[in-house]
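J.: sequence plus predicted model, see below.
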Amino acid sequence: MTEQPSARRGQHVAWSIALFLVMAVIGLFYVKWSPYYSRAFTAAETHSIGRSILTAGNQAPPAPSLHAALDYAMTYGAAIWKALVLGLLLGSALDVLVPRQWVVRLLGGTGMGSVVTGGLLSVPSMMCTCCSAPLITGLRQCRAAPGSTVAYWLGNTMLNPATLVFTGFVLGWRWVGLRLAVGVVMVLGLGWLLNRMSRMQDGGAVDAAATQALQAATGDAEPDPRPIWQRWLRSLAGMSLRLLPEYAILVLLLGAARAWLFPTADISVDNSLLWIVGLALAGTLFVIPTAGEVPIVQAMLSLGMAAGPAAALLVTLPPISLPSLAMVAKAFRPVELAVLIAGVIGLGVLAGGLAIALGF
């Protein structure tokens, strides 16, 4: 008996999804889970996870120069390159291996359920904001709703269990409570807000673009006839060429501009609103590797920085950055990115105020 086309297609889909999941698990274990497990013991024993990447162990960032730019880019690149490669592999594979209708059913709705799902899926990823950007691009290409995609993006850093453990051992567990509380509000609140904006624009309870994508994908008679590896390489090359050049340039510029963004980090940085807002803005723009905010805040607190500005940095350094925003710029409407930036800055200021009110 000849095997029916629908049965063959079902087997193809099952193998594709299995391949994606195996690659994700192996990649995350090698790049994230295993190294962070070992690093947690180091944090518990030494109450440190390394030097501040912002100052490289000095009291202040170096003056703007080509050397400062290259030095930061090399240090940052050495910390994140494996995760960035994994992000590009998974982001390009998402569009090739995972059926679009699956992504739409899971993350395409504009209700709160898809936002919560996006946040939960982010917990095991533990990517930095730039390394997860290729996955964000892939999700939006597959018509995931803006709010659920943002929840996944922000959750990678703000709900990262390893970073929370590092924060507890290095800075203290009350800082974990503050970061987690603000992080949950950021992930779910901004995700809900962006989905609500999408609903208002489309005039319905479901992302219109996602619905169209689901209908189109369901109606496809035959899958793409090209071999998977060929489609995957094409997607990987296109994503790399689109995302990496501007990313590298912005990392270099921010590395050179460290002294302007963070002019001082000593006892002169008090709990005034000006300092809290200023450092919340600087933290939102600057780029760091995963958990890089922990030694940065530790170094600044040791130099006498007040708790309010330190809390603002702890909340705004991880979730987004100027390079990551540039990488996902075509995946969202400008107004959505503006709301996202304003929300992160506002929650950073709120974290600063809570740190002062709670006597940190």
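T.: Looks like it came in fine.
J.: mind listing the helices for the stretch 151-300 of the chain?
T.: 161-170, 173-184, 190-202, 208-219, 228-256, 258-261, 273-285, 293-302 (DSSP state H, counting those that start in this stretch).
J.: tell me the mean pLDDT over the second one?
T.: Here helix 173-184 scores 97 as its mean pLDDT.
J.: sorry, back to before: return the most buried member of the helices of the stretch 151-300 of the chain.
T.: Among the helices of the stretch 151-300 of the chain, helix 293-302 has the highest mean neighbour count (mean count of other CB atoms under 10 Å), at a mean of 22. (Each C-beta comes from the backbone N, C-alpha and C, glycine too.)
J.: the inter-axis angle of that one versus helix 173-184?
T.: Counting by axes from the mean of the first three to the mean of the last three CA atoms, to 10 degrees, helix 293-302 lies at 130 degrees to helix 173-184.
J.: distance to residue 326 for the helices of the stretch 151-300 of the chain - can I get that in TSV?
T.: Output for the helices of the stretch 151-300 of the chain, formatted as TSV (distance: least, CB to CB, whole Å):
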stretch	distance to residue 326
helix 161-170	23
helix 173-184	23
helix 190-202	18
helix 208-219	22
helix 228-256	5
helix 258-261	17
helix 273-285	11
helix 293-302	20
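J.: which one of those lies closest to residue 118?
T.: Among the helices of the stretch 151-300 of the chain, helix 190-202 comes nearest to residue 118, with 6.4 Å by CB to CB.
J.: list the helices and strands the closest one packs on?
T.: helix 112-122, helix 146-158, helix 334-357 (3 or more CB pairs under 8 Å, 6 or more residues apart in numbering; DSSP states H and E).
J.: rounded mean pLDDT for the helix or strand just after the first one, please.
T.: Beyond helix 112-122 in the direction of the C-terminus, DSSP states H and E gives the next helix or strand as helix 133-141. Averaging pLDDT along helix 133-141 yields 94.
J.: in terms of mean pLDDT, which of the helices of the stretch 151-300 of the chain ranks lowest?
T.: Among those, helix 208-219 carries the lowest mean pLDDT (a mean of 47).
J.: about what we covered before: could you dump the helices and strands packed on helix 190-202 to a markdown table with mean neighbour count?
T.: Shown next, in a markdown table, are these (neighbours: other CB atoms under 10 Å):
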| stretch | mean neighbour count |
| --- | --- |
| helix 112-122 | 21 |
| helix 146-158 | 30 |
| helix 334-357 | 19 |
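J.: nearest to residue 20, of those?
T.: helix 112-122 (13.1 Å).
J.: name the helices or strands packed onto the closest one?
T.: Packing partners of helix 112-122 (3+ CB pairs under 8 Å, 6+ apart): helix 100-107, helix 146-158, helix 190-202.
J.: taking helix 112-122 as reference, get the angle to the first one.
T.: Helix 100-107 and helix 112-122 are oriented at 100 degrees to each other (the same axes, to 10 degrees).
J.: what's the closest non-adjacent residue to the one residue sitting closest to the centre of the chain?
T.: Centroid-nearest residue in the chain, with CA atoms, centre = their mean: residue 129, separated by 2.8 Å. Closest residue in space to residue 129, ignoring its immediate chain neighbours: residue 324 at 4.1 Å, by CB to CB, 6 or more residues apart in numbering.
J.: now that neighbour, what are its backbone angles?
T.: Backbone torsions of residue 324, given as degrees, to the nearest 10, read phi -70, psi -30.
J.: residues contacting it?
T.: Contact analysis of residue 324 by CB atoms under 8 Å, 6 or more residues apart in numbering lists 129-130, 132-133, 287.
J.: widest-spaced pair of the residues you listed?
T.: Top of the distance list for these (CB to CB): 132 and 287, 12.7 Å.
J.: neighbour count winner among the two?
T.: More neighbours surround residue 132 than the other of residue 132 and residue 287, with 30 against 25 (other CB atoms under 10 Å).
J.: how much space between that one and residue 260?
T.: Plainly put, residue 132 is 27 Å away from residue 260 if you go by CB to CB, to the nearest Å.
J.: now do the same for residue 24: helix, strand or coil?
T.: Classification of residue 24 using DSSP: H, G, I helix; E, B strand; the rest coil returns helix.
J.: leaving out sequence neighbours, find the closest residue to it.
T.: residue 90 (5.9 Å).
J.: avg pLDDT for the longest helix seen in the chain?
T.: When the chain is parsed with DSSP state H, its longest helix is helix 66-97. Confidence for helix 66-97, expressed as mean pLDDT, is 93.
J.: now that helix: buried residues?
T.: 68-69, 71-73, 76, 79-80, 83-84, 86-97 (16 or more other CB atoms under 10 Å).
J.: quick one on the thing from earlier: make CSV out of the helices and strands packed on helix 190-202 and add distance to residue 165.
T.: CSV is the format used below for the helices and strands packed on helix 190-202 (distance: least, CB to CB, whole Å):
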stretch, distance to residue 165
helix 112-122, 16
helix 146-158, 14
helix 334-357, 19
